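[1] Sharing a model that was predicted from the sequence below.
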Protein chains: 2
Amino acid sequence: MQFQSLINYLSTFISLDENEQDILASKVTHRTYLKNQYMVQQGDVCKYVNFITSGCTKTFYLDNDGTEHIVMFGIENWWIADLGSFITQSPADYNVQCIETTEVIQFTHQNLESLYTQIPKLERFFRKIIERALVASQKRIVRNFTHSAKDNYLIFKELYPKIEQRVPQYMIASYLGITKEFLSKIKSELIFEK
Amino acid sequence: MQFQSLINYLSTFISLDENEQDILASKVTHRTYLKNQYMVQQGDVCKYVNFITSGCTKTFYLDNDGTEHIVMFGIENWWIADLGSFITQSPADYNVQCIETTEVIQFTHQNLESLYTQIPKLERFFRKIIERALVASQKRIVRNFTHSAKDNYLIFKELYPKIEQRVPQYMIASYLGITKEFLSKIKSELIFEK
DNA sequence: AATAAATGTTAAACTAGTTTAACTTCCTTT
DNA sequence: AAAGGAAGTTAAACTAGTTTAACATTTATT
């Protein structure tokens, strides 16, 4: 059952007694999105924070030319939302679309707020998750500046080997901030170098 | 007095009663760093989260060539630390150096943890601050991909007009991920365009 | 099995940003 | 007031990554 995946995941960070688990269960819902469906659309308010129990998503920004820029991918045990939109309940800058059929456990803003109050351990947990995400985000900024596209591709493969196998190459190029043609060139150079 | 600056700042987010203010005061220390002094050095453990009451700092990464890459600046009412190092109490990736004489209020890891427990409002406050920082960091990643160096410079000026006036140009170039020579060229083009 | 659609490749011409190096201007320190 | 260092500028040669366009391969649909 889906909810159990969340409990298992949380148990590696915090321990919740039966009562707390029941409270949590009463505040979340479960949903399945089909491949290509949108979890969040640019311009809509992001209603949920989503915990992925299975599947794969991409979070992307559409620029004025209609080009998509992938901000992040999401797989099992990742938290996915347009955080800026969710916390302020204002229109989203990003789209979240499913690359595979994706099952999630959803927290509304109101339910999450009430969980924070009822189970302070959970607020602490989310603070720590967000701290880590911020550290990772800052590291990514520095990486982008200090490394060539080829190095960044190799680092990506090492950091997220599971994602590299599941998403098309042109999306990885977008995540790295380069064109699919250039990534193709990089890959052929890497094969040659071996 | 320095501590009052922190209280004033916090009051725009949360209200602390006298007792809570006293607890807070008992858990922080004050320190003045001179121009060019280091608040954090790459390799050391980042011992404090610093709230700047006056002055200006740069947080930067030194790559293998010895080139510095500025991750962020800090001015009055900003929180400065190597967050990754602070939360795990492991060696820092970044340096924090003062661009001006800088006064800060410092929180050790232990004191901050105990404040979170004694004043849950403060944990909520920090969660929100970090959420915002994460949103800003993700936006910066997308900005870097979607805009030219010239656009990013204009955006920087608009976003942080106070910082632009206080720090040398070559540091702004580093923050933008371009060379000082190219920023110089961009500026001369902008003058010409007017 | 056939066709269309999505994904991936190659190569040539191009451009945004880097490198190097020489020079200028401004700021400190004596 | 002079001298030295830090910060900023200019320009030429270069390179990492883009653009365009044509083609190849894989995957999905009938």
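    Alright, I've got the coordinates.
[2] which helices and strands does the longest helix anywhere in chain A pack with?
    Ordering each helix of chain A by length in residues (DSSP state H) puts helix A:120-146 first. Secondary-structure packing of helix A:120-146 (3 or more Cβ pairs under 8 Å, 6 or more residues apart in numbering or on different chains; DSSP states H and E): helix A:109-118, helix A:149-159, strand B:68-74, helix B:83-88, helix B:120-146. From N, CA and C alone the C-beta is placed, and that goes for glycine too.
[3] Got the domain ranges for chain A?
    A:2-128, A:147-194 (automatic domain parsing).
[4] Does the helix or strand of chain A with the lowest mean pLDDT reach DNA strand D?
    The least trusted helix or strand in chain A, going by mean pLDDT, DSSP states H and E, turns out to be helix A:180-193, with a mean of 91. Yes - on the criterion Cβ under 7 Å from any atom of the strand, helix A:180-193 is in touch with DNA strand D at A:181-182, A:185.
[5] That helix and chain B in contact?
    No - under the criterion of Cβ under 8 Å from any Cβ of the partner chain, helix A:180-193 makes no contact with chain B; the nearest approach is 13.4 Å.
[6] List the contacts of that helix.
    For helix A:180-193, the surrounding residues in contact (Cβ atoms under 8 Å, 6 or more residues apart in numbering or on different chains) are A:149-150, A:153-154, A:169-170, A:172-174, A:176.
[7] one more time with 7 Å, if that's ok
    Applying Cβ atoms under 7 Å, 6 or more residues apart in numbering or on different chains, the external contacts of helix A:180-193 come out as A:149-150, A:153, A:169-170, A:172-173, A:176.
[8] Contact partners for A:Cys56?
    Shown here is A:Cys56, whose contacts under the criterion Cβ under 7 Å, 6+ apart are A:73-75, A:99-100, A:102, A:166-167.
[9] Now find how far off-centre stretch A:127-136 is within its chain.
    Centroid displacement of stretch A:127-136 relative to its chain, using Cα atoms, centre = their mean, to the nearest Å, is 13 Å.
[10] tell me which residues in that stretch are buried?
    A:127, A:130-135 (16 or more other Cβ atoms under 10 Å in any protein chain shown).
[11] Could you do stretch A:115-123 as well?
    Judged by neighbour count (16+ other Cβ under 10 Å), stretch A:115-123 contains these buried residues: A:115-116, A:119, A:122-123.
[12] Repeat that for stretch A:21-35.
    By neighbour count, and taking 16+ other Cβ under 10 Å as the criterion, the buried residues in stretch A:21-35 are A:21, A:23-24, A:27-28, A:33.
[13] Same question for stretch A:77-85.
    A:78-85.
[14] That stretch vs chain B: in contact?
    Yes - using Cβ under 7 Å from any Cβ of the partner chain as the criterion, contacts between stretch A:77-85 and chain B involve A:83-84.
[15] Straight-line length of that stretch, end to end?
    In stretch A:77-85, first residue to last residue: 21 Å (Cα to Cα, to the nearest Å).
[16] go on, stretch A:90-106?
    Distances were taken as Cα to Cα; on that basis the terminal residues of stretch A:90-106 are 18 Å apart.
[17] Name the residues of it that come out as buried.
    A:92-100, A:102-106.
[18] now, which of the residues you listed sits nearest chain B?
    Of all the buried residues of stretch A:90-106, A:Asp93 has the smallest distance to chain B: 7.5 Å, by Cβ to the nearest Cβ.
[19] Shouldn't that closest one be within a strand?
    No - the assignment for A:Asp93 is coil, going by DSSP: H, G, I helix; E, B strand; the rest coil, so no strand is present there.
[20] Show the pLDDT at it.
    According to the prediction, A:Asp93 has pLDDT 97.
[21] thought it was touching A:Tyr61?
    Yes - with contact defined as Cβ atoms under 7 Å, A:Asp93 reaches A:Tyr61; the gap is 6.3 Å.
[22] about what we covered before: the buried residues of stretch A:21-35: which two are farthest apart?
    Using Cβ to Cβ, these reach their maximum pairwise distance at A:Ile23 and A:Tyr33, which is 25.9 Å.
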